[in-house]
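[1] Could you work out the structure for the sequence below:
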Amino acid sequence: MDSLILCSHCGRRIRRADDLVTTLVLFGISPFHSACYSKVLRGWETLWVSNEPVNGVAGTLVAGLSLLLSLVVLVGPFSFFLFLLLLVPPAMRLYSWLAFERHLQED
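    Below is the predicted model of the structure:
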């Protein structure tokens, strides 16, 4: 499954999964080369780009912990709104995998 995934910064094709960084840009998730992501964080675009990649270790950990906490909130006497809010990080992580990561070859 070799899909065409283009870097949001340079516009070139991202070919390998280990070169892909997905991050939140305003209200959407965008793919970057790891080098381009570093350049964007040093530039003025850092106002719009999240400092933490969605597909990084921390992003995956936050998604997992948020999912577990949402299950606790669901069975506890908490609001349904909090439950939905806690599902945002796992949903972003799942979207990142479905839209970008699963189409790239692992090295």
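
[2] switch to C-alpha atoms for all contacts and neighbour counts from now on
    Noted.

[3] Got phi/psi on the residue of the chain most remote from its centre?
    Farthest-out residue of the chain from its mean C-alpha position, per Cα atoms, centre = their mean: Pro77, at 30.2 Å. In terms of degrees, to the nearest 10, the main-chain angles of Pro77 are phi -90, psi 50.

[4] Please tell me how far it sits from Lys39.
    Plainly put, Pro77 is 45 Å away from Lys39 if you go by Cα to Cα, to the nearest Å.

[5] now swap in Pro90 and tell me
    27 Å.

[6] and these two? which has more neighbours close in?
    The neighbour count for Pro90 versus Lys39, taken as other Cα atoms under 10 Å, is higher for Pro90 (21 against 14).

[7] wait, doesn't the more buried one sit right on Leu69?
    No - contact criterion Cα atoms under 8 Å: Pro90 and Leu69 do not qualify, at 11.1 Å.
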